[in-house]
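1. sequence plus predicted model, see below.
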Amino acid sequence: MDALFYAFVVFLFAAAVLGIEGAYLWWVGKHGAAARRIARRLQVMSGSPGRSGERISILKQRPYSRNAAFDRVLHRITLAHRIDALLVQAGAAQTVGQFLAVSSGCMVAAVLVSLAWPLPLPLRLLVAVLGLCLPWVLLRRARQRRLVRIEQQLPDAADFIARALRAGHSFSNVLQIVGNELPEPLSGEFRIAREEINYGVPMNEALHGMAARIPLTDLRYLIIAVLIQRESGGNLAEILGNISGIIRARLKLVAHVRVLSAEGRMSAVILTALPFAVLGVMLVSNPQYVSLLWTEPKGQRMLWYSVGMLVIGVIWLRKIIRIRI
């Protein structure tokens, strides 16, 4: 009886393992990276546009909110247009209304958290402002990371376009090929430009729109070269090859500068975080001792002076470690 039970357990375990492995192999074969790559290549070879993840609205005005009345109000505000530009450049799927709702929620959460300590009103306002700015900081960091990835992909994209042009493809077909072959996020921008052209947008306007969505100087050089070649003629493949070499040399120089300035950036991070870390430790270990900073008038003045000096120091360190190339 025991032998039959152990044999049943072993066979059941083997069946479960084989079932999981079979499901994994089926998923990889149908939806894996290799399957998607093969599907894109088949689409390019067949000449079909395929399905892309982007959806281009035939309206030139992007919706800022699902509520029509609130959307009309937001379109009259200049700040909403800047937020929408940041969302587009960061590749975020949120609308301006959703982003404002998240920012307001973070501000309310920060205020509720600050109620746990007997803080003065100016410090509570500062905490509320920090909570309101947190989504903005995260959005700008996401935008910066996306732009860095696109900038690293630009040399390969320029070489790819040059090779496709030498092979005899038109520039409109090259946009489709690049959008299907290159990795994200740059391929998505080329697909958007291609679909805009298919909707009837002039190529010059579609390329200028891509430059607005990706505010990189290297990409603007590439687009300017394409636009000049369309008007005056010339060997566009050779120009793009030279641009890709220039971009690679600049990226190499940027990496070298970042290595040389790594010590300064680390020092700036430590000096900025050290006062807050010490304040947190003192709040946990001896809150009565540190509470004099916001219960006594002299302590409040010292606190505001220290905040002002900290802001000046952060701005000064940022100016030192930011080296533009």
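-> It's in.
2. tell me where the protein has strands.
-> Taking DSSP state E as the criterion, the chain carries no strands.
3. with adjacent residues omitted, what lies nearest to R149?
-> P185 (6.1 Å; C-beta to C-beta, 6 or more residues apart in numbering). From N, CA and C alone the C-beta is placed, and that goes for glycine too.
4. quick one: contacts for that neighbour?
-> By C-beta atoms under 8 Å, 6 or more residues apart in numbering, the contact set of P185 is 91, 146, 149-150.
5. could those go into a markdown table alongside neighbour count?
-> Putting the contacts of P185 into a markdown table (neighbours: other C-beta atoms under 10 Å) gives the following:
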| residue | neighbour count |
| --- | --- |
| G91 | 18 |
| R146 | 18 |
| R149 | 14 |
| I150 | 22 |
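6. please flag which of the residues you listed sit within helices.
-> 146, 149-150 (DSSP state H).
7. remind me which residues of the chain are low pLDDT?
-> 1-13, 17, 28-61, 119, 325 (pLDDT under 70).
8. need the contact partners of stretch 293-308.
-> 118-120, 122-123, 126, 275, 292.
9. repeat that with 10 Å
-> Residues outside stretch 293-308 that contact it (C-beta atoms under 10 Å, 6 or more residues apart in numbering): 117-124, 126, 275, 279, 282, 288, 290-292.
10. CA atoms only for that stretch, dumped as CSV, please.
-> Presented in CSV, the C-alpha positions along stretch 293-308 are these (Å, rounded to 0.1, in the frame of the first residue of the first chain):
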residue,chain,number,x,y,z
LEU,A,293,13.1,73.4,16.6
TRP,A,294,9.4,74.0,16.0
THR,A,295,8.1,74.8,19.5
GLU,A,296,10.4,77.6,20.3
PRO,A,297,10.6,80.8,18.2
LYS,A,298,14.4,80.7,18.0
GLY,A,299,14.3,77.1,17.0
GLN,A,300,11.8,77.9,14.2
ARG,A,301,14.1,80.7,12.9
MET,A,302,17.1,78.2,13.0
LEU,A,303,15.0,75.7,11.1
TRP,A,304,14.0,78.1,8.4
TYR,A,305,17.6,79.3,8.1
SER,A,306,18.9,75.8,7.8
VAL,A,307,16.2,75.0,5.1
GLY,A,308,17.3,78.1,3.1
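11. returning to what we had before: quick one: which of the contacts of stretch 293-308 is nearest G200?
-> Closest approach to G200 among those (C-beta to C-beta): L126, at 50.9 Å.
12. go ahead and confirm that closest one touches S114.
-> Yes. Between L126 and S114 there is a contact under C-beta atoms under 10 Å: 9.1 Å.
13. select only the buried ones of the contacts of stretch 293-308 in ChimeraX?
-> Restricted to buried positions by 16 or more other C-beta atoms under 10 Å, the ChimeraX selection for these reads:
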select :119,123,124,126,290,291
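14. out of the contacts of stretch 293-308, who's nearest I315?
-> Nearest member of these to I315, counting by C-beta to C-beta, is P275, at 15.4 Å.
15. contacts only, for the closest one.
-> With C-beta under 10 Å, 6+ apart, P275 has these contacts: 306-307, 309-310, 313.
16. also P63?
-> 57, 71, 74-75, 84, 95-97.
17. what about the contacts of stretch 293-308, which are in helices?
-> 121-124, 126, 275, 279, 282, 288, 290, 292.
18. and which of these is nearest to E196?
-> Closest approach to E196 among the ones in helices among the contacts of stretch 293-308 (C-beta to C-beta): L126, at 44.2 Å.
19. hmm, back to that, could you dump the contacts of P275 to TSV with neighbour count and distance to S103?
-> Formatted as TSV, those follow (neighbours: other C-beta atoms under 10 Å; distance: C-beta to C-beta, whole Å):
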residue	neighbour count	distance to S103
S306	13	27
V307	14	22
M309	11	28
L310	14	24
G313	14	27
